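Novice: I'd like to go over a predicted model; first the sequence, then the structure.
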Amino acid sequence: MLLGEWVKVGDYTDDPNPPRELKLSAVCTVKEGLVQCFDFEDLYTAEFIYDRVLYSNGLVMTTYGNEKKPSCFFAAFDGTSLVMKDNVYYFASDDTYYYGYDNVITEEEYHRRIDEAIGDATPVEIEWKRIDEYGQ
């Protein structure tokens, strides 16, 4: 099961009521009769995001930071937990691209890693329902 929540979207702002959108927030499963939820924020926390998209290959891409050259992290549920598959960052202050936490890459490598992660997968449209409406 996928869970969503209202998250802050767009550029960072000090506005006490920033824009919010319903975005994918967690993957839940049942293991040994107990519900286990895995939250994307446990992998990487961003106060504001642009989007979080589920792709047909099971990958979820979260974009945040600079709108024109967003930082991205890619995660997938491997059957037992939510795992980070890749992450690329852009820092506008020094016009530098990174993957991981401290590996400098070129702009071409930044785009190649994003394209490679998505591959030929397409975005999956999620029809959100309230939890009490699920299964009806």
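Specialist: Received the coordinates, thanks.
Novice: Let me see the ranges of the helices in the protein.
Specialist: 107-118 (DSSP state H).
Novice: Regarding it, what is its longest strand?
Specialist: Criterion DSSP state E: the longest strand present in the chain is strand 20-31.
Novice: in that one, what's buried?
Specialist: Neighbour counts over strand 20-31 (16 or more other C-beta atoms under 10 Å) mark 23-27 as buried. All C-beta atoms are positioned from the backbone trio N, CA, C, and that covers glycine.
Novice: Which one of these is nearest to Ile118?
Specialist: When the buried residues of strand 20-31 are compared for distance to Ile118 (C-beta to C-beta), Leu24 wins out at 15.8 Å.
Novice: mind checking pLDDT for the residue nearest to Tyr90 when sequence neighbours are not counted?
Specialist: Nearest residue to Tyr90, sequence neighbours excluded (C-beta to C-beta, 6 or more residues apart in numbering): Lys69, at 4.2 Å. Here, the pLDDT recorded for Lys69 equals 88.
Novice: Pretty sure Lys69 sits against Tyr89.
Specialist: No. Counting by C-beta atoms under 8 Å, Lys69 does not reach Tyr89; the two are 9.6 Å apart.
Novice: Can you give me the neighbour number for Val60?
Specialist: 21 (other C-beta atoms under 10 Å).
Novice: Got the confidence number for it?
Specialist: Note on Val60: pLDDT of 91.
Novice: residue contacts, it?
Specialist: 24, 40, 52-54, 74-76 (C-beta atoms under 8 Å, 6 or more residues apart in numbering).
Novice: and the helix or strand of the chain with the lowest mean pLDDT, how far out from the chain's middle?
Specialist: One helix or strand of the chain scores below all others by mean pLDDT, DSSP states H and E: strand 2-8, with a mean of 78. In terms of C-alpha atoms, centre = their mean, to the nearest Å, the centre of strand 2-8 is found 11 Å from the chain centre.
Novice: out of the buried residues of strand 20-31, which one sits closest to Pro123?
Specialist: Nearest to Pro123 among those, with distances taken as C-beta to C-beta, is Leu24, at 11.3 Å.
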